[in-house]
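> output the structure for:
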Amino acid sequence: MTVAVDTNILFDLLLPDQNYLERSLSLLTDYGKKHQLIISEAVYRELASQFPDERLLLDFLNETDIKLINSGPKALWLAAQAWKAYTKNRSQGLLCHTCGNAQLLRCEKCAAPIISRQHIFSDFLIGEHALFYAGTLLTRDKGYYRRFFPELALVS
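Residues are numbered from 1 along each chain as shown. Okay, the predicted model is just below:
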């Protein structure tokens with residue numbers, strides 16, 4: 001079985017976030033023993049921003065036995081369709097990354113809604129790649145992926 005890994009799980013190790021380090025390391029260790037761990041090009045790109053040298057990134061992926069699996073045309077097409085639906089129906093509320101609930105915030109001065117582009121196309125590439133190539137994603141953004149990729153198994 002193959003399991004995809006979201007950038008935030010890997011950042012917990014690389015940047016180390018003391019709130020999530022132990023849990024993320026445990027997820028990677030446990031799932032890595034039984035499954036092939038993979039990442040998409042989007043995760044690779046986000047990881048590359050934290051390495052001063054490409055060789056160091058490749059060494060990290062080799063040491064953790066995480067494979068880069070390139071998205072094919074079908075997965076990219078499906079990601080684009082999901083992004084299109086998201087932008088067409090985007091909520092004006094801010095989405096909780098844990099549960100997916102939307103909260104509408106208003107300016108204290110003029111009462112206009114405060115909106116944010118919380119999700120970028122990379123999020124949809126990661127979600128669709130995980131769905132297409134693995135079916136399971138290790139992530140801390142369960143609320144978001146549950147909302148936009150309900151058929152994707154999520155582990156957090």
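
> the helices in this structure, which residues?
Counting by DSSP state H, the segments of the chain that form helices are 7-14, 21-34, 41-48, 54-64, 73-88, 121-133, 142-148.

> any idea which of those helices gets closest to residue 155?
Minimum separation from residue 155 across these (C-beta to C-beta) falls at helix 21-34, 6.4 Å. (Each C-beta comes from the backbone N, C-alpha and C, glycine too.)

> buried sites along the closest one?
24, 27-28, 31-32 (16 or more other C-beta atoms under 10 Å).

> what would those residues look like in TSV with pLDDT and distance to residue 15?
Below are the buried residues of helix 21-34 laid out as TSV (pLDDT from 0 to 100; distance: C-beta to C-beta, whole Å):
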residue	pLDDT	distance to residue 15
24	94	11
27	94	16
28	95	15
31	96	20
32	95	20
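
> ok, now how distant is residue 83 from residue 26?
Per C-beta to C-beta, to the nearest Å, residue 83 is found 32 Å from residue 26.

> who's in contact with residue 74?
If you count contacts by C-beta atoms under 8 Å, 6 or more residues apart in numbering, residue 74 has them with residue 132.

> now stretch 144-156: buried residues?
So stretch 144-156, judged by 16+ other C-beta under 10 Å, has buried residues 144-145, 147-149, 152, 154, 156.

> same question for stretch 42-53.
Of all the residues in stretch 42-53, those buried under the rule 16+ other C-beta under 10 Å are 42-44, 46-47.

> start to end distance for it?
18 Å (C-alpha to C-alpha, to the nearest Å).

> which of the buried residues of helix 21-34 sits closest to residue 108?
So of the buried residues of helix 21-34, ranked by how close each gets to residue 108 (C-beta to C-beta), first place is residue 24, at 36.6 Å.

> not counting sequence-adjacent ones, nearest residue to that closest one?
Nearest non-adjacent residue to residue 24, counting by C-beta to C-beta, 6 or more residues apart in numbering: residue 12, 3.7 Å away.
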